[in-house]
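K.L.:
please work out how this folds:
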Amino acid sequence: MPSSVITSAVPRTAAVATVVVSALAAGLLAGPSSASAKAAGSGSGVRVHDIQGTTRISPLAGKPVTDVPGIVTGVRTYGSSRGFWIQDPDGDGDPATSEGVFVFTGPGSTPAVKAGDDVLVSGTVAEFVPGGASSGNQSLTQISRPAVTVLASGRPLPAPVTVSARSVPSAYAPTGDPTAGGSVNALPLNPRKYALDYYESLEGTNVRIGTSRVVGATDPFSELWVTVKPFENPSARGGSLYGSYASQNTGRLQIQSLVPLAEQPFPKANVGDVLRGRTEGPLDFNQFGGYTLTARSLGTVEDRGLRRERTRPQSRGELAVATYNVENLDPSDPQEKFDALGRAVVENLSSPDILALEEIQDNSGARSDGTVAADQTVKRFTDAIAAAGGPAYDWRGVDPENNRDGGEPGGNIRQVFLFNPERVSFTDRPGGDARTPTGVVRERGRAALTLSPGRIDPGNTAWESSRKPLAGEFTFRGRTVFVIANHFGSKGGDEALTSHHQPPNRSSEVKRLQQARLVNAFVKDVLKADRRADVLVVGDINDFEFSATTEALTDGGALRAAVTSLPRRERYSYVHQGNSQVLDQILTSPSIDGFDYDSVHINAEFARQDSDHDPQVLRFRP
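P.N.:
Residues are numbered from 1 along each chain as shown. All right, here's what the predicted structure looks like:
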């Protein structure tokens, strides 16, 4: 059949960063000619494996290439990164060099090729860093500004490489080169030793997985996560536990579909479900998931019946304290969200006596209009709880200064205490506002707050553009209980586990470490006034139970991370990129030496979520 020529010279949009890395080789690398290349002329003699090379950066980066032969293995016709993958069916036999590569045709283009086309591609080799160079992400080797010649159609696709528990190494990544700032980019790939190298050696290659367990539920972007290693750090409910910085869970892969949603809806899956059968397509690398199987053919989801947990009710003599990040709740949210959250408080959390909420937004939500009050937000929530059969909760909080506490711009998120006045009384000590710090005094031999509710050291630079801790003094059956509600700085600035820096940079930890030390010092002030004081530090700590943040919170024995009382398989409150991990915590002072702790799994493992966090509940007898 006659050949056709397709050209594309569409630049990326300004919102998408392209990074072209300097070539590591002086010129083009020679490769064997193919029958296709001979049919169209001599070309440059460059093959796909020459472009990919044996490190993460192409030796031809920034160089033009001509008539690179390959078979189209997948086409992406939607999103900002449109294009297609080609693969050379005649490889060089080197396990470190990928035989597949992505051809970027432009954000507004519709690639005029289809799977099975035999093509020649000319263009410029580039290294595209999803998220930009400052993200620390690895780069995706691609051919940009392509001219494509279609020689034939309907050719057999190269046989897929099977990614399995046997093929993926147990070690995650090599240590980065200290002379290159800890980067692994220039290190020779060792795919038999390191999982990250293994996946990189397959970048752009047609791969397949067999039946695999879902470890990250389907998200709003039509993506899910599976593991090809079912016995790697399993959680009690089918996930993959992230239990240390050395526990990256090498079997995780993100799954997307190359079929537009209008043609084939993406399956809804929860953690513990099974993606059954054969899932096959090119292996991509993107900003939000790292190595991703972009499925040309997708297996079917088998529902394994995961159910939302219900914690037991507290007994008459037990005080139940809970924390729940309700994900930017404000009056503009649909009533269905308020109703679902209200039912969860009653049915899944068994109406705790004290409930610390994170991410309560002001009355106008994300509209930046100077509003800081959140009474309407809280009223809709407490009304929804009452409508679900729960108690008539009272509440306390301190309004922040406008746009000074981070979070969604205009939303003015803050922590709020709900409490059941039939079971608990709140000790009001007036004067607390956004700027005035609460302190600790000794009254009649016991500790007391100077302001209740009050904020802890709100003027400290550690809380800049971050939520300030809210401290409150409660009384239960004649016993004083101090609760400090927190929402520490997010992990937004941290590099991904797939970063080219190994280990990845965790820059956000610096602020949380400062915040943890301030809260720890405040707790020590309370214990100095009364060593038997009952203190609970609760909230979205945004860090793991094994982190330096938690270590700083517990310094000197002032607090204990209650989540560590759980069996290891149950220690998680959040699922990120297929890793079940701890972000939400309750920490207890030494006097609380007997308690019952529960991480109540109602959101993080499910495709349908009322929030992205699981609430935590602790019951004890003051």
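K.L.:
beta partners of the nearest residue to Val46 once chain neighbours are set aside?
P.N.:
Closest residue in space to Val46, ignoring its immediate chain neighbours: Val65 at 4.8 Å, by CB to CB, 6 or more residues apart in numbering. Heads up, the C-betas are built off the backbone N, CA and C, glycines and all. Per DSSP bridges, the residues bridged to Val65 are Gly123.
K.L.:
any idea how many residues pack against Val65?
P.N.:
24 (other CB atoms under 10 Å).
K.L.:
going forward, the N-terminal residue is numbered 54.
P.N.:
In the new numbering, first residue 54, that becomes Val118.
K.L.:
that one against Ala179, yeah?
P.N.:
No: counting by CB atoms under 8 Å, Val118 sits too far from Ala179 to count as a contact (10.8 Å).
K.L.:
overlap in contacts of those two?
P.N.:
Ile196 (CB atoms under 8 Å, 6 or more residues apart in numbering).
K.L.:
may I have the phi/psi pair for Ser254?
P.N.:
phi -70, psi -10 (degrees, to the nearest 10).
K.L.:
can you check Val260 too?
P.N.:
According to degrees, to the nearest 10, Val260 has phi -130, psi 170.
K.L.:
ok, Phe527 next?
P.N.:
Dihedral pair for Phe527: phi -120, psi 160, per degrees, to the nearest 10.
K.L.:
equivalent analysis for Trp516, please.
P.N.:
Torsion angles, degrees, to the nearest 10, at Trp516: phi -100, psi 10.
K.L.:
that one and Ile509: what is the separation?
P.N.:
Distance from Trp516 to Ile509, counting by CB to CB, to the nearest Å: 9 Å.
K.L.:
and the residue nearest to Gly234 when sequence neighbours are not counted, what pLDDT?
P.N.:
Distances taken as CB to CB, 6+ apart place His554 nearest to Gly234, at 7.0 Å, with adjacent residues excluded. pLDDT recorded at His554 is 98.
K.L.:
same deal with Val63?
P.N.:
32.
K.L.:
check the one 4 residues further on too.
P.N.:
We note a pLDDT of 30 for Ala67 in this prediction.
K.L.:
same question, Val399
P.N.:
98.
K.L.:
and it, helix, strand or coil?
P.N.:
helix (DSSP: H, G, I helix; E, B strand; the rest coil).
K.L.:
ok, how many other residues are close to Ser642?
P.N.:
Counted with other CB under 10 Å, Ser642 comes out at 24.
K.L.:
phi, psi of it?
P.N.:
Dihedral angles for Ser642 - degrees, to the nearest 10 - are phi -80, psi 160.
K.L.:
show me what contacts it?
P.N.:
By CB under 8 Å, 6+ apart, the residues touching Ser642 are 576, 579-580, 586-589, 611-612.
K.L.:
measure it to Leu589 for me?
P.N.:
Ser642 is 7 Å from Leu589, by CB to CB.
K.L.:
please, which helix or strand holds Pro462?
P.N.:
Using DSSP states H and E, Pro462 is not contained in any helix or strand.
K.L.:
need the pLDDT of it.
P.N.:
So, for Pro462, pLDDT stands at 96.
K.L.:
skipping adjacent residues, who's closest to it in space?
P.N.:
Per CB to CB, 6+ apart, closest to Pro462 is Ser421, 5.9 Å.
K.L.:
pLDDT wise, what is the one you found at?
P.N.:
The model's pLDDT for Ser421 equals 94.
K.L.:
do the same with Leu77
P.N.:
In this prediction, Leu77 has a pLDDT value of 34.
K.L.:
thinking again about what came up before, ok, the residue nearest to Pro462 touching Asn456?
P.N.:
Yes: Ser421 is in contact with Asn456 according to CB under 8 Å; the separation is 6.8 Å.
K.L.:
what do those two both touch?
P.N.:
462-463.
K.L.:
hey, where'd the helices end up in the stretch 404-553 of the chain?
P.N.:
Listed in chain order, the helices of the stretch 404-553 of the chain (DSSP state H, counting those that start in this stretch) span 428-440.
K.L.:
please read the previous query as pertaining to the stretch 554-675 of the chain.
P.N.:
Secondary structure of the stretch 554-675 of the chain (DSSP H, counting those that start in this stretch): helices at 562-582, 601-606.
K.L.:
coming back round to it: tell me the contacts of the residue nearest to Val99?
P.N.:
Per CB under 8 Å, 6+ apart, neighbours of Val118: 81, 97, 99, 104, 174-178, 196.
K.L.:
closest to Leu571 among the residues you listed?
P.N.:
Using CB to CB, Val178 is the member of the contacts of Val118 that lies nearest Leu571, at 49.9 Å.
K.L.:
check the gap between that closest one and Gln367 for me.
P.N.:
63 Å.
K.L.:
of these two, which one has the most company?
P.N.:
Between Val178 and Gln367, Val178 has the larger neighbour count (other CB under 10 Å), namely 27 against 21.
K.L.:
ranking helices and strands of this structure by mean pLDDT, which lands last?
P.N.:
Least confident helix or strand of the chain, by mean pLDDT, DSSP states H and E, is helix 88-93 with a mean of 37.
K.L.:
give me the next element, helix or strand, following that one.
P.N.:
helix 101-105.
K.L.:
show me how far that next one is from its chain's centre.
P.N.:
32 Å (CA atoms, centre = their mean, to the nearest Å).
K.L.:
now swap in stretch 644-662 and tell me
P.N.:
With CA atoms, centre = their mean as the basis, the mean position of stretch 644-662 lies at 19 Å from the chain mean.
K.L.:
buried residues, that stretch. List them.
P.N.:
645, 648-660, 662 (16 or more other CB atoms under 10 Å).
K.L.:
report the rounded mean pLDDT for stretch 184-196.
P.N.:
For stretch 184-196, mean pLDDT rounds to 96.
K.L.:
stretch 620-637 too?
P.N.:
For stretch 620-637, the mean confidence score works out to 98.
K.L.:
kindly report the same for stretch 225-243.
P.N.:
Rounded mean pLDDT across stretch 225-243 is 98.
K.L.:
what comes up buried for that stretch?
P.N.:
For stretch 225-243, by 16+ other CB under 10 Å, it's 225-227, 229, 235-238, 240, 242-243.
K.L.:
show me the contacts for the closest residue to Gln662 other than its chain neighbours.
P.N.:
Leaving aside its sequence neighbours, Gln662 sits nearest to Asn656 (CB to CB, 6+ apart; 4.5 Å). If you count contacts by CB under 8 Å, 6+ apart, Asn656 has them with 662-667.
K.L.:
just Ala515 next, same as before
P.N.:
By CB under 8 Å, 6+ apart, Ala515 lies in contact with 564, 567-568, 570-571.
K.L.:
can you put those residues in CSV and add neighbour count?
P.N.:
As requested, the contacts of Ala515 are exported to CSV (neighbours: other CB atoms under 10 Å):
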residue, neighbour count
Lys564, 21
Gln567, 19
Gln568, 29
Arg570, 15
Leu571, 17
